[in-house]
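Colleague: give me a model of this one.
(2 chains)
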Amino acid sequence: MNDFEALATKDHASKLKLAASISKYYQGKTTDLGLSDFGRIKAYLEASLPEQSRFIERDIIFAHLGFEPFTSLIAEGKPFTVVSGLNPSSPLHLGHKVMFDMLLFLQKLGADIYIPITNDESYLDGKVKSLGESRKIAYEHIIPSIIAFGFDPKKTKIFVMSDYPEIYNFALQISKNVTNKYVATVFGEDGLDNSGKAFYRSAVQLAEILLPQLPEFGGKKPTLIPVGIDQHPYILLARDVAKKMGYVPPAELVFKFQNGLVNPFDKMSGSKPKTAIFLSDTPEVIAKKIQGAYTGAVSSLAVHQKLGAVPEACSVFALLQFHHPDSAYVQDLYTQYKTGKIASREIKEIATKFICELVLDHQKKASAVTKTDEFILKQPLSSVLA
Amino acid sequence: MKTTTINDLLHDKHLVNNTSFQGAVAKKPLRIVYGETYDSYGLTLDSLKYYFFTAMAAQLLAGQGASTEASVIIGDLHSVKNKIVKDKGSLLATASSRLAAINKVAKVYGLSLKVLLMSDLFEDADFKKRLAIITPIFNDSKEMQDIAKKTVLQNRLSQEVQSGFQYTLEEVALITGYDIKIGPPREVHYDKLAQLLGAKVGNPDFCGVYLRPTYPLGMGFDYFITHPEIEEFGLTPYKAGSNQLQANRIVLGVTSPAECKKLIDSSFISTNQTLPNPVLDVYIITQLAGHFLSGKPFEIDEDLLSDTAKLKTAAYEKLMTNIFKPLGYA
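Modeller: The predicted model follows:
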């Protein structure tokens, strides 16, 4: 073994270590945060759902809190409610697409979907210069992009926070049930460095979560919140406050982050463009980003052929893992890559071709969106003023 | 796969959950026992699984040269012990009809089983002696008392503690008079006590065989997700009213063939063998019945395990031909 191969062997070991760390992170979070592993429910859903979901098959959903009753609603074909929003500080990227694909999957199972677009949060967190800027991003980029995913307008309610001010009356009601001390315990002082952030985190975000339980939307009901693990404190707070206020505590479905392109242990982030592929990126930009992405393969072909790649620590393979619809194909690629039969160059080519097609198709659909009004929530909230 | 030896039977993963019995044929006569209480709803199809299994274990051991004696104990006294049981007098009186029903099953299928009443066995001097020996040992052992707490459901724990775990001690004194006990998975805790106390009453080799849990029929997949304890331990096989799910059980002479079909057809089942499969259980019971009716080895058609529709059809058809018809319920 020459020096180059020795270095590659060492690199392979560090990639294995990285993969183990990622796996341990999710397992550890599940245990530490008192979540339930999704594996038990997965086995039943795989055996009973008419259409399989890659989120379940590929363990992208890995934990939950209180999801069990939703399986009864799904089994009985009864509707249920899902809330999941986003911060409009940048155009949507593939990490957002994971969430919206999951919402679509839940809508097919009977969910009414509420999508708060939290431009107030973007502004308070300093991700945009003004509320107007984040509002513009929401209407010009985010909403057409969301609609382009194929949501059913009858079962989808989108609202931009600055344009739905009545929700702040509800937030005001909620704020009386949350002490400053509790909020500081949940979020820490750093997350509350101005009074707007404190009000947002302790009340407004909870109002978004509990909104479907107001009489205007049919009253108290089980509500499911699909989230990344970093959002778990919000759910815990919402569950506590819901109990206090007599609402049904929301349940949580936790999914893995779409791995960032630079470091697979990080998530894609709109504020760090190099980590993410945006749904507005051109094929040239996508190709360049994938070309420079972190992979699970070592640089020596001989060592790669001998030891194989580490797909679990590969940001490029993750693009296929999270987005390619064909599970058998993804599994086959996984095996070939892991056993060194295909090189990282080929994985990059496959991923570039697939992601470019996916993004171009999405852009085409988004540019064809002309009617957004039927998705926008306009329901007045008189009950909170009663 | 055909079951022709005791080893095959004990390692049938569709039938046996786990066992501490390794299938060794001892020189002494092996006393095999299955005990059950009952409720007012009648004899369940699931009880038949235990009668058949007990008789078959004895049959296969005998085939390998062991001297065996297989018994079914009807826990008449324990059936009325729970405070919530109403009309204890009439339930106790049904012990004789239960005894007749089990004897009828034994006769129709040619099962070599002794059917005994707990009330008769409690009069036995050996039983009284065992109870007298184990009670003080148990009372002095926190470890054993902790195990005993696991034998009862939470809602009956205070009643059991108040009585000094009388139910548990009687159960243990009874089963330590046998070598092999057949039972559902939840009874593993009784048997742990029996193993700890067995040596004190001259039975150090006591062991247990636990069959796969009994699940309700006619349930969707969500039922099992929302009831993890049922998923793990199942229902009480011999009590149709276990968890008040009598409408989801096949009760002999009560559930009509049409109701059975509806229950089977509406059950969630999967080809994933780790998930509850009450229809497979029906099929297995009918195959055990078929073995005793025909004398052919007990066998599970593996092809049915990968085809839920075919399994449902086979379970219903064989239920009619191997159980309802021979017992006169068709």
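Colleague: so what does the helix or strand of chain A with the lowest mean pLDDT touch, helix or strand wise?
Modeller: Using mean pLDDT, DSSP states H and E, helix A:180-187 stands out as the lowest-scoring helix or strand of chain A, at a mean of 84. If contacts are counted by 3 or more CB pairs under 8 Å, 6 or more residues apart in numbering or on different chains; DSSP states H and E, helix A:180-187 sits against helix A:232-245. Just so you know, the C-beta spots here come from the backbone N, C-alpha and C atoms, and that holds for glycine as well.
Colleague: next, the angle helix A:180-187 makes with the helix it packs on.
Modeller: Counting by axes from the mean of the first three to the mean of the last three CA atoms, to 10 degrees, helix A:232-245 lies at 150 degrees to helix A:180-187.
Colleague: what are the contacting residues of helix A:232-245?
Modeller: Identification of contacts with helix A:232-245 by CB atoms under 8 Å, 6 or more residues apart in numbering or on different chains yields A:29, A:33, A:35, A:65-66, A:173-174, A:177-178, A:182-183, A:186-187, A:201-202, A:205-206, A:209-210, A:213, A:225, A:227, A:248-250, A:252, A:254.
Colleague: look at A:Ile225 and say how many residues are nearby.
Modeller: Counted with other CB atoms under 10 Å in any protein chain shown, the neighbours of A:Ile225 add up to 24.
Colleague: list the buried ones in the strand or helix carrying it?
Modeller: Using DSSP states H and E, the element containing A:Ile225 is strand A:223-228. Neighbour-count burial for strand A:223-228, counted by 16 or more other CB atoms under 10 Å in any protein chain shown, picks out A:223-227.
Colleague: quick one: residues in contact with that strand.
Modeller: Residues outside strand A:223-228 that contact it (CB under 8 Å, 6+ apart) are A:61, A:67, A:70, A:80-84, A:99, A:102-103, A:106, A:111, A:209-210, A:212-213, A:231, A:234-235, A:238, A:248, A:250-257, A:267.
Colleague: out of those residues, which are inside strands?
Modeller: Counting by DSSP state E, the contacts of strand A:223-228 place A:61, A:80-83, A:111, A:251-255 in strands.
Colleague: can you redo those residues as JSON lines with pLDDT?
Modeller: JSON lines is the format used below for the ones in strands among the contacts of strand A:223-228 (pLDDT from 0 to 100):
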{"residue": "A:Ile61", "pLDDT": "95"}
{"residue": "A:Phe80", "pLDDT": "95"}
{"residue": "A:Thr81", "pLDDT": "97"}
{"residue": "A:Val82", "pLDDT": "98"}
{"residue": "A:Val83", "pLDDT": "97"}
{"residue": "A:Ala111", "pLDDT": "96"}
{"residue": "A:Ala251", "pLDDT": "97"}
{"residue": "A:Glu252", "pLDDT": "96"}
{"residue": "A:Leu253", "pLDDT": "96"}
{"residue": "A:Val254", "pLDDT": "96"}
{"residue": "A:Phe255", "pLDDT": "95"}
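Colleague: now, which of those sits nearest A:Lys289?
Modeller: Comparing those against A:Lys289 with CB to CB picks out A:Phe255 as the nearest, at 22.4 Å.
Colleague: could you report the neighbour count for the closest one?
Modeller: For A:Phe255, the neighbour count with other CB under 10 Å is 21.
Colleague: separation between it and chain B?
Modeller: 19 Å (CB to the nearest CB, to the nearest Å).
Colleague: what about that residue, distance to A:Gly95?
Modeller: 10 Å (CB to CB, to the nearest Å).
Colleague: what residues do those two have in common as contacts?
Modeller: Common contacts of A:Phe255 and A:Gly95, defined by CB under 8 Å, 6+ apart, are absent altogether.
Colleague: roughly how far is stretch A:175-186 from the heart of the chain?
Modeller: Distance of stretch A:175-186 from the chain centroid (CA atoms, centre = their mean, to the nearest Å) equals 26 Å.
Colleague: contacts for it, please.
Modeller: Under the contact criterion CB under 8 Å, 6+ apart, stretch A:175-186 has outside partners A:192, A:198-199, A:201-203, A:206, A:233, A:236-237, A:240-241, A:244-245.
Colleague: contact residues of the stretch 51-200 of chain A facing chain B?
Modeller: A:68-69, A:71-72, A:74-76 (CB under 8 Å from any CB of the partner chain).
Colleague: can you put those residues in CSV and add pLDDT and neighbour count?
Modeller: Formatted as CSV, these follow (pLDDT from 0 to 100; neighbours: other CB atoms under 10 Å in any protein chain shown):
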residue, pLDDT, neighbour count
A:Glu68, 93, 17
A:Pro69, 92, 16
A:Thr71, 91, 21
A:Ser72, 90, 17
A:Ile74, 89, 22
A:Ala75, 87, 21
A:Glu76, 86, 10
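Colleague: and those, which two are the farthest apart?
Modeller: The largest separation in these, counting by CB to CB, is between A:Glu68 and A:Glu76 at 13.7 Å.
Colleague: test my guess that B:Thr3 contacts B:Leu10.
Modeller: No. With contact defined as CB atoms under 8 Å, B:Thr3 does not count as touching B:Leu10 (9.7 Å).
Colleague: which one of these two has more residues nearby?
Modeller: More crowded of B:Thr3 and B:Leu10, by other CB under 10 Å: B:Thr3, with 21 against 18.
Colleague: got the confidence number for the closest residue to that one other than its chain neighbours?
Modeller: Excluding its sequence neighbours, the residue lying closest to B:Thr3 (CB to CB, 6 or more residues apart in numbering or on different chains) is B:Phe298, at 4.4 Å. With respect to pLDDT, B:Phe298 scores 94.
Colleague: ok, now A:His141?
Modeller: So, for A:His141, pLDDT stands at 90.
Colleague: can you check B:Lys88 too?
Modeller: pLDDT at B:Lys88 comes out at 68.
Colleague: likewise for the one 4 residues further on?
Modeller: We note a pLDDT of 70 for B:Leu92 in this prediction.
Colleague: B:Ala101 too?
Modeller: 94.
Colleague: A:Gly34: how many residues sit nearby?
Modeller: 10.
Colleague: show me which residues of the stretch 101-250 of chain B sit near chain A.
Modeller: Close to chain A, as judged by CB under 8 Å from any CB, the stretch 101-250 of chain B has residues B:220-226, B:228.
Colleague: which single residue of the stretch 51-200 of chain B ends up nearest chain A?
Modeller: B:Pro185 (17.5 Å; CB to the nearest CB).
Colleague: that residue touches B:Pro213, doesn't it?
Modeller: Yes. At 5.6 Å, B:Pro185 counts as touching B:Pro213 under the criterion of CB under 8 Å.
Colleague: what touches both of the two?
Modeller: Common neighbours of B:Pro185 and B:Pro213 (criterion: CB under 8 Å, 6+ apart): B:17, B:232-234.
Colleague: and the buried ones among these, selectable in ChimeraX?
Modeller: Here is the ChimeraX command that selects only those of those that count as buried (16+ other CB under 10 Å):
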select /B:17,233,234
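Colleague: show me where pLDDT drops low in chain B?
Modeller: Applying pLDDT under 70 to chain B flags residues B:23, B:25-27, B:80-86, B:88.
Colleague: pick out the residue in it sitting closest to chain A.
Modeller: For chain B, CB to the nearest CB, closest residue to chain A: B:Ser270, 3.4 Å.
Colleague: residue contacts, that residue?
Modeller: Counting by CB under 8 Å, 6+ apart, B:Ser270 makes contact with A:43-44, A:47-48, B:221, B:277, B:308.
Colleague: quick one: it from A:Phe322, how far?
Modeller: According to CB to CB, B:Ser270 and A:Phe322 sit 27 Å apart.
Colleague: ditto for A:Pro264
Modeller: Where A:Phe322 is concerned, A:Pro264 sits at a distance of 12 Å (CB to CB).
Colleague: which of those two has more residues huddled nearby?
Modeller: Neighbour comparison, A:Pro264 and A:Phe322: the larger count goes to A:Pro264, with 27 against 23 (by other CB under 10 Å).
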